[in-house]
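Colleague: For reference, the sequence and a predicted model appear below.
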Amino acid sequence: MIAAFIIWYKRTKRSYSRSPRYDTTNNTGTSSSRKEYGDRVYSHAVPVAVPISGDEYYDEITSIEILGRRSEMESERMSGSWNDPEILEARIPMGKLRVQQLINRGGFGEVFLGTYRGRAVAVKRLLPDRSKNLREVEAFIVEIKIMLSMDHPRIVGCLGVAWESWTDISAVTEYMEGGDLRTVLERFEQEEHRAHGFDDDKLKIALHIAEGLTYLHGMDLTVLHRDLKSKNILLNKNLDAKLTDFGVSRESADITMTAGVGTSLWMAPEVMIGDRYNEKADMFSFGVVLGELDCQQLPYSHATEPGTGRKLPGTAILQMVAAGQLRLEISQTTATGIYDLVMACTSLTPSDRPTAAEAFERLQSIARETLTLSSRGVRGGEEFAL
């Protein structure tokens, strides 16, 4: 779907009024940060000659030698990954980790419920077919290292990493028994029949997400989530929210990123069209999540074809969002402050979007105003921790 959109965009590029690219100068890092996280690109295009006669036989032998050397280099790279001090320090013996039932499966990995030292944990692994791909394994190790570097109450904590071989590496994280936000919103809509708009629970969740993004974007080397959506926001039984799934996260030094990463309905226009982007792309996704919290439906569920009433296909939604022709639908009962924040976060121009810290401050002000008008000020104050 994203590929089809990019083709459409390139064909209409001359007539499309693009927003100015966001200045990323201040977030540019050095090449050493890429080496630190193993963010490298390896070519697997090795020519193999077909022997017919004469010198071509030696061309084939040379090609076989190249393939052999490449295999040795890959083994050396994996050996380097295992010897990484951060990975070694965080290693959990497989014998101390008990893996139980499958609780979630995605396009790249699967998550199991487990126990470690008497504590319920989540055990994340690559899918079996992907665990055989060296580059997939290295990317997973990068994700684990990113998780290990973080320590914040609004980020799902990584307790360690376990493995017996490079094909069964497992990230051990805290278990969030409340499930993901998408599932919770479906329950709100279908089972609890909650009113659309923002109640105490939804406002608290929004605050927690903004707080988590503030932490990510405020790190010494800014970390972009790049795949912020309701499925990647987990909750505990008290509906405290935490961010997870940094499989496509990168430091902002890796700024020449292209479309094809993340999930399209939450994706910022500049990411859709392959422009440079920075943490303001996360803020667009945050605005979309705010819209989900409001209506409890998937983004742009209200979008239909004129005349027929049929739901718009995904490619049409992407085109209209990128062109500024389709915006999120917000409930009439939603507070003006939240409506204004959603519109600001989903602005076509990245520089017009608030930072995570600014969004967090605005939500705090809205929460204070809500508490002032509420007869449950003590309870609300405890929830919002204001």
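Modeller: Perfect, thanks for sending it. Numbers count the residues shown, from 1 in each chain.
Colleague: Could you look up the SS state of the spatially most central residue of the chain?
Modeller: Geometric centre of the chain, nearest residue: Asp227, 2.4 Å, by C-alpha atoms, centre = their mean. Following DSSP: H, G, I helix; E, B strand; the rest coil, the label given to Asp227 is coil.
Colleague: Isn't it up against Thr244?
Modeller: No - contact criterion C-beta atoms under 8 Å: Asp227 and Thr244 do not qualify, at 9.9 Å. C-beta: built from backbone N, CA, C; applies to glycine.
Colleague: For the helix or strand containing Glu361, give me every contacting residue.
Modeller: Glu361 is part of helix 356-373 when elements are defined by DSSP states H and E. Outside helix 356-373, the residues within contact range by C-beta atoms under 8 Å, 6 or more residues apart in numbering are 200, 203, 206-207, 210-211, 213-214, 216-218, 279, 282-283, 286, 335, 337-338, 341, 345, 354, 377, 380-381, 384, 386.
Colleague: swap in stretch 187-207?
Modeller: Contacts of stretch 187-207 (C-beta under 8 Å, 6+ apart): 181, 233, 235, 239-241, 289-290, 293-297, 331, 333-335, 338, 360, 363-364, 366-367, 370, 376, 379-380, 383-384.
Colleague: picking that back up, measure the residue nearest to the centre of the chain to Leu234 for me?
Modeller: Taken as C-beta to C-beta, to the nearest Å, the spacing of Asp227 relative to Leu234 amounts to 14 Å.
Colleague: With Ile87 instead?
Modeller: 24 Å.
Colleague: Same drill for the two, tell me which one is more crowded.
Modeller: Leu234 (24 against 18; other C-beta atoms under 10 Å).
Colleague: that's a strand at that one, yeah?
Modeller: Yes - using three-state DSSP, the secondary structure at Leu234 is a strand.
Colleague: Pull up the per-residue confidence for it.
Modeller: If you check Leu234, the pLDDT there is 98.
Colleague: mind listing the strands for the chain?
Modeller: For the chain, strands defined by DSSP state E occupy the ranges 97-105, 109-116, 119-126, 158-162, 170-174, 179-180, 223-224, 233-235, 241-243, 250-251.
Colleague: JSON lines for the ones you listed, including distance to Ala268?
Modeller: Listed next are these as JSON lines, based on distance: least, C-beta to C-beta, whole Å:
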{"stretch": "strand 97-105", "distance to Ala268": "26"}
{"stretch": "strand 109-116", "distance to Ala268": "24"}
{"stretch": "strand 119-126", "distance to Ala268": "26"}
{"stretch": "strand 158-162", "distance to Ala268": "27"}
{"stretch": "strand 170-174", "distance to Ala268": "27"}
{"stretch": "strand 179-180", "distance to Ala268": "21"}
{"stretch": "strand 223-224", "distance to Ala268": "11"}
{"stretch": "strand 233-235", "distance to Ala268": "17"}
{"stretch": "strand 241-243", "distance to Ala268": "17"}
{"stretch": "strand 250-251", "distance to Ala268": "15"}
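Colleague: of all these, which lies closest to Arg327?
Modeller: strand 233-235 (21.9 Å; C-beta to C-beta).
Colleague: So Ile110 is in contact with Arg125, correct?
Modeller: One correction, residue 110 is Glu, not Ile. Yes - counting by C-beta under 8 Å, Glu110 touches Arg125, with 5.9 Å between them.
Colleague: out of these two, which sits in the more crowded spot?
Modeller: Neighbours per residue (other C-beta under 10 Å) separate Glu110 from Arg125, with Arg125 holding more: 20 against 16.
Colleague: so where is the stretch 151-300 of the chain shaky, pLDDT-wise?
Modeller: 247-263 (pLDDT under 70).
Colleague: in this structure, which spans are helices?
Modeller: With helices called from DSSP state H, the chain shows them at 2-11, 31-36, 55-82, 85-89, 134-148, 181-190, 200-217, 269-272, 280-295, 314-322, 336-345, 356-373, 377-384.
Colleague: Just the buried positions in the fifth one, please.
Modeller: Residues of helix 134-148 classed as buried under the neighbour-count rule (16 or more other C-beta atoms under 10 Å) are 134, 136-148.
Colleague: Report the angle between it and strand 119-126.
Modeller: Computed by axes from the mean of the first three to the mean of the last three C-alpha atoms, to 10 degrees, the angle separating helix 134-148 from strand 119-126 equals 150 degrees.
Colleague: Run through the neighbouring helices and strands of helix 134-148.
Modeller: On a contact count with 3 or more C-beta pairs under 8 Å, 6 or more residues apart in numbering; DSSP states H and E, helix 134-148 meets helix 55-82, helix 85-89, strand 119-126, strand 158-162, strand 170-174.
Colleague: what distance separates it from the centre of its chain?
Modeller: 14 Å (C-alpha atoms, centre = their mean, to the nearest Å).
Colleague: For that helix, list the C-alpha coordinates in PDB.
Modeller: C-alpha atoms of helix 134-148 as PDB (Å, rounded to 0.1, in the frame of the first residue of the first chain):
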ATOM      1  CA  LEU A 134      21.500 -12.800  10.200                       C
ATOM      2  CA  ARG A 135      20.400  -9.200   9.400                       C
ATOM      3  CA  GLU A 136      17.100  -9.800  11.200                       C
ATOM      4  CA  VAL A 137      18.900 -11.100  14.300                       C
ATOM      5  CA  GLU A 138      21.300  -8.100  14.300                       C
ATOM      6  CA  ALA A 139      18.400  -5.700  14.000                       C
ATOM      7  CA  PHE A 140      16.700  -7.500  17.000                       C
ATOM      8  CA  ILE A 141      19.900  -7.100  19.000                       C
ATOM      9  CA  VAL A 142      19.800  -3.400  18.200                       C
ATOM     10  CA  GLU A 143      16.300  -3.200  19.500                       C
ATOM     11  CA  ILE A 144      17.300  -5.000  22.700                       C
ATOM     12  CA  LYS A 145      20.200  -2.600  23.200                       C
ATOM     13  CA  ILE A 146      17.900   0.400  22.800                       C
ATOM     14  CA  MET A 147      15.500  -1.100  25.400                       C
ATOM     15  CA  LEU A 148      18.300  -1.900  27.800                       C
END
